[in-house]
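Novice: sequence unknown, structure follows:
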């Protein structure tokens, strides 16, 4: 449902812009996309759509509020240096992200009959923090090669870089990767027998997925939940 709503919002956004420019060509009205403060839409729209799709996450909500305040400040004198608050807000977010990174993890489930060959066909539930390993790079680089059974990971790159190589990993069921890239980069190498599902909060950053999904209907899925703030994640 949320995915359909997200598609509708993106579709309406491009239709409105297209109709606006068409009206200019036909002489029906004057449409100018580059109004004062137009660039704030690059923050507001992705964050708003992410909030619709994934709920009121800290990164998306904070980005949306900052974008709205920046836009409003172009037309109303708020007597507040909004630009000056951006860096402190980012630092506060980084601190909160580090302190409470495990507080709101969801439970993922998988069919053990499909993933492990269990004849009982039972469904097992795992808290995302239970079997995960945390990899962190703060003002540094962290390169990780996994060649054993892999159950998911927490990746935190802040002013640094993480390279996670899963090409030799044994992935027997659906897993979750929770990644945060703040002024940083994360490279994830995955095996060919998996599917990738990305749920990303982009704030002047994004995820580049270069991997084609496995054609095997029973292939395990890697769920990537990420926040990219002035950073990026590459899936290769």
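Specialist: It's in. Quick caveat, the model's predicted, so the values are computed rather than measured. Numbers count the residues shown, from 1 in each chain.

Novice: in the protein, where is pLDDT below threshold?
Specialist: 1-6, 53-60, 82-83, 93-94, 97-132 (pLDDT under 70).

Novice: for it, which residue is closest to the average position?
Specialist: residue 200 (1.6 Å; Cα atoms, centre = their mean).

Novice: got the phi and psi for that residue?
Specialist: phi -120, psi 140 (degrees, to the nearest 10).

Novice: how about the contacts made by it?
Specialist: Residues near residue 200 by Cβ atoms under 8 Å, 6 or more residues apart in numbering: 50, 206-207, 224-228, 233. Every residue, glycine included, has its C-beta placed from N, CA and C.

Novice: can you give me the strands for this structure?
Specialist: Under the criterion DSSP state E, the chain contains strands at 107-111, 123-127, 133-138, 141-145, 153-158, 161-165, 175-182, 185-189, 195-203, 206-209, 221-229, 232-235.

Novice: neighbouring strands - and their directions - for the third one?
Specialist: If I follow you right, that is strand 133-138. Note on strand 133-138: by DSSP bridges, its sheet partners are strand 153-158 (parallel).

Novice: which one's the longest helix in the chain?
Specialist: helix 2-26 (DSSP state H).

Novice: how big is the angle separating that helix from strand 195-203?
Specialist: 60 degrees (axes from the mean of the first three to the mean of the last three Cα atoms, to 10 degrees).

Novice: can you name every helix or strand that helix 2-26 contacts?
Specialist: With contacts defined as 3 or more Cβ pairs under 8 Å, 6 or more residues apart in numbering; DSSP states H and E, helix 2-26 has these neighbours: helix 41-54.

Novice: just checking the distance from the helix it packs on to the centre of its chain.
Specialist: Computed by Cα atoms, centre = their mean, to the nearest Å, the chain-centroid distance of helix 41-54 equals 11 Å.

Novice: can you list the buried residues in it?
Specialist: Neighbour counts over helix 41-54 (16 or more other Cβ atoms under 10 Å) mark 43-44, 46-54 as buried.

Novice: that one packs against which elements?
Specialist: With contacts taken as 3+ Cβ pairs under 8 Å, 6+ apart, helix 41-54 sits against helix 2-26, helix 58-73, strand 195-203.

Novice: domains of the protein?
Specialist: Following automatic domain parsing, one gets these domains for the chain: 2-99, 107-235.

Novice: my guess is residue 90 contacts residue 229. True?
Specialist: Yes - counting by Cβ atoms under 8 Å, residue 90 touches residue 229, with 6.8 Å between them.

Novice: residue 73 against residue 81, yeah?
Specialist: No - applying Cβ under 8 Å as the test, residue 73 and residue 81 come out as separate, 9.0 Å apart.

Novice: looking at those two, which is more packed in?
Specialist: The neighbour comparison of residue 73 against residue 81 (other Cβ atoms under 10 Å) goes to residue 73, with 17 against 9.
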